[in-house]
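Engineer: I would like to see how this sequence folds:
(chains A and B)
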2 protein chains.
Amino acid sequence: MTGYNRVALIGLGLIASSMAHALRKAGLAGEIWGHARSEETRAAALEIGICDQVFETAAEAVRGADLVVLCVPVGAMGAIAAEIAPHLAVGCTVTDVGSVKAAVVEAVGPHLPAHVHFIPGHPLAGTEHSGPRSGFAALFSNRWWLLTPLEGTDAGALARLKACLTGIGANVDEMEVARHDLVLAVVSHTPHLIAYTMVGVADHLRRVTHEEVIKYSASGFRDFTRIAASDPTMWRDVFLTNKDATLDILGRFTEELFMLQRAIRMGDGQMLHDYFTRTRAIRRGIIEAGQDTAAPDFGRGAPGGESR
Amino acid sequence: MTGYNRVALIGLGLIASSMAHALRKAGLAGEIWGHARSEETRAAALEIGICDQVFETAAEAVRGADLVVLCVPVGAMGAIAAEIAPHLAVGCTVTDVGSVKAAVVEAVGPHLPAHVHFIPGHPLAGTEHSGPRSGFAALFSNRWWLLTPLEGTDAGALARLKACLTGIGANVDEMEVARHDLVLAVVSHTPHLIAYTMVGVADHLRRVTHEEVIKYSASGFRDFTRIAASDPTMWRDVFLTNKDATLDILGRFTEELFMLQRAIRMGDGQMLHDYFTRTRAIRRGIIEAGQDTAAPDFGRGAPGGESR
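Structural biologist: Sure thing, here's the model as predicted:
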């Protein structure tokens, strides 16, 4: 069959609410049940209509579901898995949307009974907004959804999940768990930490430079602040649980930064020019791969413009 | 009077071509003459119609101009000033669009005769594209144009330049030279160096992770690559000429990064969470100040989405 009879969304933030909108639009979920810790979030989910029923506990929400999606911060996955394990229906599929995979496999796997299919996943989609009201059906459209199936995963359950995710617009890829965590440390986790750091530095200096940092932010800094506006809890957990890969990439980053810093100090213009020419080519690769718009400044309207 | 009878644009890249489009649209330039070193660029300028006449030398292009705008990389400003100095009309205004101001004042000032008005400037506008064909009239719309007038600047000449820049859509502000270079090191120069560095790290790892870095770039990394696609010559000169302020801010950045890196290594989740919460507030400040769109992901269309 295509889709699922009853989907249980555990955690009702940006990703879960977008999934709900997308599943309904594609007709891939008979019913959607949901759980969130906060009463306000549960009420919002009912009001917007992303869930048919909401529950105070995750254990209640998963009863009878043939697809359970864990949409809580990575650090909360283990406790949730322990709680829902005794209530999962035989043959149901459990997946998650965590940004780190090894830690989730380690925290969730041991709790789940043999009669369910656990297929870890990670949609490379999102915005800097959070909460149930920030979701929208097109979030996954043409975006990657990485699955990291474990050894012995049931081929039928995997194919069914893939078909569902493809049905809500995602491009599904499979990847090995450790490789996922390394690649994401490069393309996502380290860039986010760096953006947070740069915004933090500017925050300190704001006391020196009054409001100038905000007033003149269109000069490049602005893009960093967007990345650094993402959900603090989610990101805390990402760094704590993908520690090794993030520290590895951070080490490389610092080495590289010191080399450029030294070139500035020594006045080595040729080295800087060569470096900046090489990085320009990567941007072209991304546009050619269809992963961003070629329009200047992302095509954003005024207030727009990038400064120098 | 409003506007200028003849504007000479020295260097015909993104900023100069955008100025030409904007000046024509606003009816603020009688004639526009231009100079670029490359024959191809000069031909393009005539073909697009941004210049009425183009010249092989800057000396020829400035004859009879009442406004001369230096739009070359910061490192080329001194030589250009020496070349044009004997050919400048009495009472003309000379300005520039360099991203660094102390170095330009030092390189250009001594060459200019007493009978011209030298008013250094810097539009906080641009895109990651370069060259005469990348310009467009709305580039300066609602963007800041900083002027750093020197002691004894003629009030009439300053007011006339301000009126012209306001006429092409910019918000004009005055700032002291050294302060300009410090503020820009925070909001622009250091963020650009960091983006270049992160993209460089990913480029090395690309040999390890095949095409995955590009394929999954929407996860945050993509925004860095846009910034790191800017003109290499321009940016080489920015770092070489705003060396002290950039090295100062880089030092603060590294301290801060090491503190966060240590928190990751020690598993200090509270510290990370507090830090990420504080940086989120800055983003709100920028949106409230009208310097960016509140739309998720800059409002860019699919392929869109920010990942985790």
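Engineer: for residue A:228, what are its contacts?
Structural biologist: The neighbourhood of residue A:228, defined by C-beta atoms under 8 Å, 6 or more residues apart in numbering or on different chains, consists of A:192, A:195, A:196, A:198, A:199, B:276, B:279, B:280, B:282, B:283. To be clear about C-beta, it is placed using only N, CA and C from the backbone, and glycine gets the same treatment.
Engineer: Quick check: chain neighbours aside, which residue is closest to residue A:5?
Structural biologist: Using C-beta to C-beta, 6 or more residues apart in numbering or on different chains and skipping residues adjacent in sequence, the residue nearest residue A:5 is residue A:30, 4.3 Å away.
Engineer: Can you give the domain ranges for chain A?
Structural biologist: A:4-175, A:179-267 (automatic domain parsing).
Engineer: Which of those has the highest mean neighbour count?
Structural biologist: Highest mean neighbour count among the domains of chain A (mean count of other C-beta atoms under 10 Å in any protein chain shown): domain A:179-267, with a mean of 22.
Engineer: how about the helices of the stretch 101-250 of chain A, start to end?
Structural biologist: Taking DSSP state H, counting those that start in this stretch as the criterion, the stretch 101-250 of chain A carries its helices at A:102-108, A:155-167, A:177-184, A:190-209, A:212-215, A:221-227, A:232-241, A:243-266.
Engineer: Thought residue A:109 was touching residue A:150, still the case?
Structural biologist: Yes: taking C-beta atoms under 8 Å as the contact criterion, residue A:150 and residue A:109 are neighbours in contact, 7.4 Å apart.
Engineer: shared neighbours of these two, which are they?
Structural biologist: Taking C-beta under 8 Å, 6+ apart as the contact definition, residue A:150 and residue A:109 share the neighbouring residues residue A:118.
Engineer: what's the distance between residue A:141 and residue A:253?
Structural biologist: The spacing between residue A:141 and residue A:253, counted by C-beta to C-beta, to the nearest Å, is 31 Å.
Engineer: where in the stretch 1-150 of chain A is pLDDT low?
Structural biologist: Under the criterion of pLDDT under 70, the regions of the stretch 1-150 of chain A flagged as low confidence span A:1.
Engineer: how does it look with 50?
Structural biologist: In the predicted model, the stretch 1-150 of chain A carries no residue with pLDDT under 50.
Engineer: Which residues of it lie near chain B?
Structural biologist: Residues of the stretch 1-150 of chain A lying close to chain B by C-beta under 8 Å from any C-beta of the partner chain are A:75, A:99, A:122-129, A:134, A:138-144, A:146.
Engineer: Can you flag which of those residues belong to strands?
Structural biologist: A:122, A:123, A:144, A:146 (DSSP state E).
Engineer: re the thing from before, CSV for the domains of chain A, including distance to residue B:43?
Structural biologist: As requested, these are exported to CSV (distance: least, C-beta to C-beta, whole Å):
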stretch, distance to residue B:43
domain A:4-175, 39
domain A:179-267, 32
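Engineer: Between these, which one is closest to residue B:37.
Structural biologist: With C-beta to C-beta, the closest approach to residue B:37 among those belongs to domain A:179-267: 23.1 Å.
Engineer: what about that closest one, average pLDDT?
Structural biologist: Mean per-residue pLDDT for domain A:179-267: 88.
Engineer: For residue A:41, pull up the helix or strand it's in.
Structural biologist: helix A:39-48 (DSSP states H and E).
Engineer: Please report how far the nearest residue to residue A:137 once chain neighbours are set aside lies from residue A:93.
Structural biologist: Nearest non-adjacent residue to residue A:137, counting by C-beta to C-beta, 6+ apart: residue A:21, 3.9 Å away. Residue A:21 sits 20 Å away from residue A:93, going by C-beta to C-beta.
Engineer: what does residue A:160 give?
Structural biologist: For residue A:160, the distance to residue A:93 under the criterion C-beta to C-beta works out to 7 Å.
Engineer: quick revisit: report the contact partners of the residue nearest to residue A:5.
Structural biologist: With contacts defined as C-beta under 8 Å, 6+ apart, residue A:30 is in contact with A:3, A:4, A:5, A:6.
Engineer: tell me the secondary structure for it?
Structural biologist: With DSSP: H, G, I helix; E, B strand; the rest coil as the basis, residue A:30 sits in strand.
Engineer: What separation do you get for it and residue A:52?
Structural biologist: Counting by C-beta to C-beta - residue A:30 and residue A:52 are separated by 9 Å.
Engineer: Residue A:6 too?
Structural biologist: From residue A:6 over to residue A:52 the distance is 9 Å, taken as C-beta to C-beta.
Engineer: repeat for residue A:239
Structural biologist: As defined by C-beta to C-beta, residue A:239 lies at a distance of 36 Å from residue A:52.
Engineer: likewise residue A:228?
Structural biologist: Relative to residue A:52, residue A:228 is positioned 36 Å away (C-beta to C-beta).
Engineer: what does residue A:169 give?
Structural biologist: Applying C-beta to C-beta, the value for residue A:169 to residue A:52 is 22 Å.
Engineer: before we move on, what about residue A:153?
Structural biologist: As defined by C-beta to C-beta, residue A:153 lies at a distance of 29 Å from residue A:52.
Engineer: circling back to that earlier point, shared neighbours of residue A:6 and residue A:52, anything?
Structural biologist: Common neighbours of residue A:6 and residue A:52 are listed as A:31, A:32, A:33 (criterion: C-beta under 8 Å, 6+ apart).
Engineer: any idea which of those residues is closest to chain B?
Structural biologist: Sorting those by how near they are to chain B, with C-beta to the nearest C-beta, puts residue A:32 at the top with 21.4 Å.
Engineer: Show the contacting residues for the closest one.
Structural biologist: Residue A:32 makes contacts with A:6, A:7, A:8, A:9, A:20, A:23, A:24, A:50, A:51, A:52, as judged by C-beta under 8 Å, 6+ apart.
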